Every structure is written in structure tokens, then in C-alpha cells.
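# Here is a sequence with its predicted model. Questions after.
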Amino acid sequence: MSYLTGTPAGTASAGTTDVRTGFGVPGFAHPLVAPSEWGELTRPGRPLHWVVLDVADGPGARPDPHCLEAVGRLRNAGVRVLGHLDLTYGARAFAEVISDAQRFLDWYRVDGFLLDRCPAERTALPEIRRAAGTLRTLHSAPHIVLGHGTHPYPGYAENADQLVTFSGPWSDYRWSQAAEWTASYPPERFCHLVHGVPRGHLDEALRIARWQGAATIWFTDRTDRGGLLDPWETLPGYWDDIVSRIGTGVSE
């Protein structure tokens with residue numbers, strides 16, 4: 001099966017070495033509900049690129065002591081924490097997004113932001129450029145991830161550190177293709193979030209991510225039950241297995 005529409009993205013960065021696959025955690029349930037999940041992320045040897053904090057569809061109305069504790073442990077472990085900003089595909093007011101970002105910084109000292117449900121069309125690019133530029137004035141060097149969930153207009157790549165170019169079920173991911181323009185960028189610029197990945201297909205899923213040039217991944221066997229559940233709220237059932245595979249150098 002073919003996963004690319006053009007040159008494999010990894011070939012565009014042949015000059016870079018030691019590009020390692022790691023996890024981008026899209027966000028667990030509240031630390032009171034999922035304490036073992038948050039605790040697991042602080043264990044040594046976990047190949048984490050970043051972890052998203054979503055207190056209550058954003059930073060919440062006031063600092064949450066349980067989230068403060070969880071974030072503090074992650075930061076002490078050297079893990080990058082991103083605040084969750086929901087753009088509702090461009091429908092959310094700019095001032096609200098920036099206000100949420102400021103609260104994330106003031107209360108949780110986040111290292112950057114995931115701009116979730118980010119629009120992908122060319123016409124929305126100026127507004128996203130404005131938002132990203134403003135976020136960079138609030139922090140010395142914020143890590144900005146645009147959560148499109150699909151391949152956006154290429155210009156978005158110039159306004160973020162990473163793009164989420166796939167977010168969805170395994171049934172779609174296994175037949176997905178990378179846009180040709182992604183071959184101009186190194187793998188560390190792209191992230192794939194996939195739910196419903198069976199244990200027996202982990203190797204195939206990891207190969208797809210590598211061939212499509214995505215160095216940041218999150219694969220889970222949890223499903224969304226037709227949109228009724230959040231598949232990202234808990235660890236995958238094969239967590240130790242996938243950590244072992246990433247740690248032994250599945251990615252090239």
C-alpha cells in the first residue's frame with residue numbers, strides 16, 4: 001500500500017540525523033480522574049515531545065491545584081507542557097484565545113500551546129498568523145502546534161513549530177497519504193494522532209508515520225465510540241509495548 005503522494009518526507013531532511021519518534025500527548029482526563037496516567041508521564045525514559053494540558057476546555061476560571069501539581073511534576077521531569085486553545089475552526093474570537101493563553105502562562109507556566117481545531121484553508125491563514133504572532137510576544141520561545149487534524153494549506157507551516165496533519169481513527173490512517181508539499185520539511189515538523197490502533201497493527205502504524213515524515217505521534221487502542229468518548233483521556237492498553245518500540249529505535 002502507498003502512503004505518499006510524492007517524495008517521502010523523510011528524504012527532504014537527509015542532512016539531519018537522529019530524528020527520533022516521540023510522543024505528543026493530546027491531553028488526559030483531569031489528574032483526579034486519571035492520576036496514574038499523569039504519574040506515568042514523569043517516569044524516566046519516556047520519549048515525550050510534549051503533553052497538552054486542558055483544564056476545562058482551556059485554562060478554566062481559576063488555577064486548579066491538582067493541575068498545578070501535575071504540571072509541576074512534568075516540568076521538574078523536563079517535559080514540555082502545552083496549553084490547550086480551542087479555535088473552533090476559526091469561529092472563536094481572537095481576544096478570547098489570547099486571554100486563555102495568558103491565563104495558561106500566568107497560572108501554569110506552560111511552554112507553548114496546541115491550537116486545537118485549527119482551520120486549514122488558505123483564507124483563514126492571516127488570522128492564524130496573527131494569533132501565532134501574538135502568542136510569541138507573550139512568551140520568550142513558545143512551542144506552537146497547529147491542530148488541523150488534516151493537511152492544511154502549505155503556508156501554515158511557516159507559522160508554527162509543528163502541524164498536526166492527521167487526527168482520527170486507524171481505519172482512515174492506514175489508507176492515508178501525505179501531501180506532496182510536506183516533503184520540503186523535516187519530520188519533526190509534523191504530528192499524527194491516531195485512535196483505535198489495534199495492538200497487532202502497531203508496527204504498521206509506526207511505519208506509516210515514518211514514511212509520511214511525522215516524528216511526533218500518539219497511537220492508542222482507545223476509540224471514540226462514534227464521537228461519544230474522548231479516546232485520548234487514558235493511556236493506550238499497550239503503553240509499555242509502544243514505549244519499548246519507540247525506545248529501541250523504530251524511527252529512522
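Structure received. Numbering: from 1, shown residues only.
# ok, R62 to L74 distance?
As judged by C-beta to C-beta, to the nearest Å, R62 and L74 stand 20 Å apart. No exception for glycine: its C-beta is placed from N, CA and C like everyone else's.
# Of those two, which one has the most company?
Neighbour count, other C-beta atoms under 10 Å: between R62 and L74, L74 has more, with 21 against 10.
# that's a helix at the more buried one, yeah?
Yes. Applying DSSP: H, G, I helix; E, B strand; the rest coil, one finds L74 inside a helix.
# So in terms of bridging, what pairs with the closest residue to it other than its chain neighbours?
Once flanking residues are discounted, L74 sits nearest to V81: 5.4 Å by C-beta to C-beta, 6 or more residues apart in numbering. In this entry, V81 is beta-bridged to V51, by DSSP bridges.
# Look up how far V33 lies from V81.
Between V81 and V33 the distance is 18 Å, computed by C-beta to C-beta.
# in the stretch 101-250 of the chain, which spans are strands?
Secondary structure of the stretch 101-250 of the chain (DSSP state E, counting those that start in this stretch): strands at 112-116, 143-147, 162-169, 190-195, 216-220.
# Quick one: list the elements packing against the last one.
Identification of packing neighbours for strand 216-220 by 3 or more C-beta pairs under 8 Å, 6 or more residues apart in numbering; DSSP states H and E yields strand 22-25, strand 190-195, helix 202-212.
# Then the longest one?
Based on contacts counted as 3+ C-beta pairs under 8 Å, 6+ apart, the elements that strand 162-169 packs against are strand 143-147, strand 190-195.
# so what's the closest residue to D57 other than its chain neighbours up against?
Leaving aside its sequence neighbours, D57 sits nearest to D86 (C-beta to C-beta, 6+ apart; 6.2 Å). By C-beta atoms under 8 Å, 6 or more residues apart in numbering, the contact set of D86 is 57-58, 92, 116-117.
# just the buried members of those?
58, 116-117 (16 or more other C-beta atoms under 10 Å).
# For P44, state which of those residues is nearest.
Among the buried ones among the contacts of D86, D116 lies closest to P44 (C-beta to C-beta), at 29.0 Å.
# what bridges to that closest one?
D116 has these beta-bridge partners by DSSP bridges: D86, G147.
# The residue nearest to Q162 when sequence neighbours are not counted - how many residues pack around it?
Spatially, and ignoring its direct neighbours in sequence, Q162 is nearest to V145 (4.5 Å; C-beta to C-beta, 6+ apart). Using other C-beta under 10 Å, V145 has 26 other residues around it.
# same check, this time on T220
The number of residues packed near T220 is 22, by other C-beta under 10 Å.
# and the nearest residue to it once chain neighbours are set aside, what does it touch?
Sequence neighbours aside, P236 is the residue nearest to T220 in space, at 3.9 Å (criterion: C-beta to C-beta, 6+ apart). Neighbouring residues of P236 by C-beta under 8 Å, 6+ apart: 197, 219-222, 242.
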